[in-house]
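*Asks:* the sequence isn't on hand, but the structure is:
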């Protein structure tokens, strides 16, 4: 877990927080082209324009986020910024959007990573679903075991991918420079090319733009991670954001440029065994088929994508813990450090992501349209929150800052609506429903916690009261463990009664003898259990005691054997837990567990 | 459960304890014939002789058991008699034999009941396995819900079956009397008739005799149930035994006699769709095919067999509880009255029986050879125990009594060996292994309990000691529930420390303010949890306290919210259980649960 980290320098911090963002270069250009082809081959020429528009949007978002990072040096995720400035409702919606988004990050990244592998080894295509599920299971398993995240773990695949991509772009541009645009041959599944030729041009363009917006996923991560950087934290985080933008825009423009020089573009759907990622086609064009360069690019792509999925496995439980702290998820989830809690988050995330990849048969092009809806919702809420913040504080040049974030909010808000509209039928509706459902659950949990707080709130004068106390010691036999429990009961309680429920009348005389020898005058009550039950007679006896004196508190002292080996543990039982369940809503009864240890 | 019964008269007691024994009339004759046919059609003539021999054996066993019933008016099952007189080893073997036997009672009775139904409705034959599994599941379900066993429940099917069989025999004998033996036509599966013609005659006869010994299963039940009869209990039980013998021998001789007058005998294996039970063939001969009499016999047979399986579901948990009381099975199993315990027994029995019928594909003729090995082992051990008893007591005419039981033990012992040898390959070896394994497990459990008793045994002078006590109250927030826990801690302990583990520094000032207002001067320790764990810091604090003063006992008081609705319960957690697990083998730490209640 990141909590355990050394503080990160810029060089190691960038890969830790930007691997997710950078990895989207692996599929963003392809996403645009696969929409444009729907309107006809002529529309492929629109790629540079759309790519440029997205790069501008990237700059707007990054500039806007620089202000967030500076304003929230202890971490400024969308949920925090929204809850700080916009109130409960927008904050919960932002949180829901992010939770759903982490699931999609896992599903999309793994599907894209598998797509890169399948492009290198087409024989793997029939195993799309098992490969996806297998990788998710693997990452979940690594995280369940407790991965020691080191800067190195992130640095290698991230810089490997960036270096590979930049090298490919450099070689490619050198090769293509001065070449005439080739008359591209486009291969796609039957019935795809031009199938949307009758749709208004603007709609097609917006749809392609929406598809390309997956390039912006992952930017949020740096604003979350500010405190993990070395001092000055904000400064390092801002530099990271800038480097991220520079690298990302270079890779995005580069792939967009090179895509136009491919002599033949294949744009099959992921379900088609002929499917190859666009990046792999560019790698073939630049390095030649089955060259070392080609395989290096495929492996680097797969590696960074798996790493990107891995970051969601740290981020999802972390956001859940913040929500739990604020009472929107079960409170125990806030204890990220307790193994069980962290593991629950991992299992939930893995199950949901597996559900998604199985439902969409591991096909990247079906999963991509779901992505980015949540991201842009969170962007918009976060930056709107920043605007409110500047207006509230009115410090320094707040007007400029407010307009920067305001412009960012406006742009991302508009894009969010465009994405929702243009991708609605492709799957955005699913995300919309999931975000609404998640929000409803978060609100319901919060309401319940508020109701509990009201129930339990203390009247102003309420002080500690002291009540009469009686201990009831359960005595199955007389031995060291029972005597230890009796030590305990007598030390605390003036009034101790020992209770033996007998299933076998014959043992009673021996029991009484041992009791008198070792304990002496403390009373030993023996109850016969006609129906051979242990719990029922105890309950009846407790009820009688409560009737005698309803104000008294009864402590049932349960001696419990603790064995070391699991097969020895089968022979012991937890009477305390059964008793607590059986006691139901009886007040003034406390169950105390005195443990003794077996070899 | 039988514990809840009114005392039973002879009329109602007989069906309750003898339904299992009587039901074996449904398949015993068939079992003999299906072995004789293996040696050739001529051998079918040996049926009357073998039937008579088994009837004599029946008388010997019943006479011998009369003495057991008189000697053990509080119930004299084989395990009890053996442990009383022969010591641990034979008693455990008898118990293992009986436990395995209850599983076989369920499997064989259900398979035979289904065979009766399939003989009436041959269209059901392809569903042999689902029918078997379904009936076992049904009986298990009824027992899990808690069946109210009444004398009537047993009386109807048992007397219905007896009346039906006796009517059939009466009509049949009237019809056959004076008829000449017909030249019987025997139909069997290819390759069956005469397949053992070369085997020595004696072996074939002994094997057929062994097969017929399934008639003696269930006799033990009455000796178990003596205390359930009306006073004088032993007298009623002895009368039951005698009536059982009279009815059983009549039915057995009757079916044996009538089988010889069937114009055509079909002896297919149960796997063959042409398979019909012998009793159903006799019913057709006596009442005509598809007559009311025929269907009545089939339904009565199925009903008593399902009832016989049902008795095992009461007997198995009861024997398990006696073994648990004596420390041969996990002690909690002795608490037959606690729902969970009884239900565990039922589920285990149902799962094992289902395993058997599925493994043997629901075919009666494959299951039958397994039966009776355990029964005769238990018979022999029980009666040997009686011999030892008479020799030890030397009261009245002990020599006569000892020789009666001795003769019984000799006969059943010899038969046990014959069964084991002649049926070894057919499945007796499985039973032998199962009994050995079960015995080994029972011994291992007993050894472990003895080791525990030694570890915990009290030195003669050991008395209760009083130690210093400190309470550690966990305070997540300050509210009514926490204050109730503080009431409790202060009432008992002079020294109370409150402990708050903070995951969020911001809440601490408010917490301190509330603490001072409502609790006042008791110390509130606040620990920060850098890794957002709750359990770890508590453990560290407890360890520090133990280091300060190793002799002190620390009571960790854990306030716990109890919600009514299950979805509200999801929001609560059981810190006490997690803490107990985490405390491991730390001594002198007690966990106390003070519950408070949510609406």
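*Replies:* Arrived safely, thanks for sending. Computed from a predicted model, the values in this text were never measured in an experiment.

*Asks:* same question for the helix or strand that contains residue A:65, mean pLDDT?
*Replies:* Per DSSP states H and E, residue A:65 falls inside helix A:47-71. Throughout helix A:47-71, pLDDT has a mean value of 94.

*Asks:* list of residues touching the next helix-or-strand element following it?
*Replies:* Counting by DSSP H and E, the next helix or strand C-terminal to helix A:47-71 is helix A:78-85. The contact list for helix A:78-85 (C-beta atoms under 8 Å, 6 or more residues apart in numbering or on different chains) reads A:68, A:72, A:90-91, A:93-95, A:97-98, A:220, A:319, A:322-323, A:326, A:378-379, A:381-382, A:384-386, A:388-389, A:392. For glycine as for every other residue, the C-beta is placed from the backbone atoms N, C-alpha and C.

*Asks:* compute the inter-axis angle for helix A:78-85 and helix A:47-71.
*Replies:* When axes from the mean of the first three to the mean of the last three C-alpha atoms, to 10 degrees is applied, the directions of helix A:78-85 and helix A:47-71 differ by 50 degrees.

*Asks:* right, and chain B sits closest to which residue of the stretch 151-300 of chain A?
*Replies:* Closest residue of the stretch 151-300 of chain A to chain B, C-beta to the nearest C-beta: residue A:227 (12.7 Å).

*Asks:* list the contacts of residue A:423.
*Replies:* By C-beta under 8 Å, 6+ apart, the neighbours of residue A:423 are A:207, A:210-211, A:369, A:373.

*Asks:* mind giving me the domain split of chain A?
*Replies:* Following automatic domain parsing, one gets these domains for chain A: A:2-449, A:469-597.

*Asks:* coming back round to it: can you flag the buried ones in the contacts of residue A:423?
*Replies:* Among the contacts of residue A:423, the ones that count as buried by 16 or more other C-beta atoms under 10 Å in any protein chain shown are A:207, A:210-211, A:369, A:373.

*Asks:* so the one residue in the stretch 401-550 of chain A that gets nearest to chain B, which state does it fall into?
*Replies:* Distances between the stretch 401-550 of chain A and chain B by C-beta to the nearest C-beta are smallest at residue A:533, namely 3.0 Å. Here residue A:533 is coil, with the state taken from DSSP: H, G, I helix; E, B strand; the rest coil.

*Asks:* now it. Nearest residue, chain neighbours left out?
*Replies:* Setting aside the residues directly before and after it, residue A:533 is nearest to residue B:337 in space (C-beta to C-beta, 6 or more residues apart in numbering or on different chains), at 3.0 Å.

*Asks:* gap between the one you found and residue A:501?
*Replies:* 10 Å (C-beta to C-beta, to the nearest Å).

*Asks:* list residues touching both of these two?
*Replies:* Common neighbours of residue B:337 and residue A:501 (C-beta under 8 Å, 6+ apart) are A:529, A:534.

*Asks:* where does the stretch 201-350 of chain A dip in pLDDT?
*Replies:* Applying pLDDT under 70 to the stretch 201-350 of chain A flags residues A:340-341.

*Asks:* ok and the residue in it nearest chain B?
*Replies:* For the stretch 201-350 of chain A, C-beta to the nearest C-beta, closest residue to chain B: residue A:337, 3.0 Å.

*Asks:* for stretch A:459-470, which positions count as buried?
*Replies:* A:464, A:469-470.

*Asks:* hang on, the earlier thing: give me the buried subset of the contacts of helix A:78-85.
*Replies:* Buried among those by 16+ other C-beta under 10 Å: A:68, A:72, A:90-91, A:93-95, A:97-98, A:220, A:319, A:322-323, A:326, A:378-379, A:381-382, A:384-386, A:388-389.

*Asks:* and those residues, which of them are in helices?
*Replies:* If you go by DSSP state H, those have A:68, A:90-91, A:93-95, A:97-98, A:220, A:319, A:322-323, A:378-379, A:381-382, A:384-386, A:388-389 in helices.

*Asks:* how about residue A:527, secondary structure?
*Replies:* Residue A:527 ends up strand, using three-state DSSP.

*Asks:* who in the stretch 251-400 of chain A is up against chain B?
*Replies:* Within reach of chain B by C-beta under 8 Å from any C-beta of the partner chain, the stretch 251-400 of chain A has these residues: A:321, A:325, A:330-332, A:334-338, A:340.

*Asks:* ChimeraX command to pick out the buried ones of those residues?
*Replies:* With 16+ other C-beta under 10 Å as the burial test, the buried ones among those are selected in ChimeraX as follows:
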select /A:321,325,330,331,332,334,335,336,337,338
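
*Asks:* switch the residues of the stretch 251-400 of chain A next to chain B over to TSV; also include secondary structure.
*Replies:* As requested, those are exported to TSV (three-state DSSP):
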residue	secondary structure
A:321	helix
A:325	helix
A:330	coil
A:331	helix
A:332	helix
A:334	helix
A:335	coil
A:336	coil
A:337	coil
A:338	coil
A:340	helix
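
*Asks:* as TSV, the residues of the stretch 251-400 of chain A next to chain B with distance to residue A:25 would be great.
*Replies:* Shown next, in TSV, are those (distance: C-beta to C-beta, whole Å):
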residue	distance to residue A:25
A:321	31
A:325	35
A:330	38
A:331	40
A:332	39
A:334	35
A:335	37
A:336	31
A:337	35
A:338	37
A:340	37
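
*Asks:* after the host helix or strand of residue A:453 comes which helix or strand?
*Replies:* Per DSSP H and E: residue A:453 is located in helix A:429-456. The first helix or strand that comes after helix A:429-456 along the chain, using DSSP H and E, is strand A:469-474.

*Asks:* the helix or strand that that next one is followed by packs against which elements?
*Replies:* Using DSSP H and E, the helix or strand that follows strand A:469-474 in sequence is helix A:480-492. Using 3 or more C-beta pairs under 8 Å, 6 or more residues apart in numbering or on different chains; DSSP states H and E, the elements in contact with helix A:480-492 are strand A:469-474, strand A:495-502, strand A:553-562, strand A:589-597, helix B:429-456, strand B:553-562.
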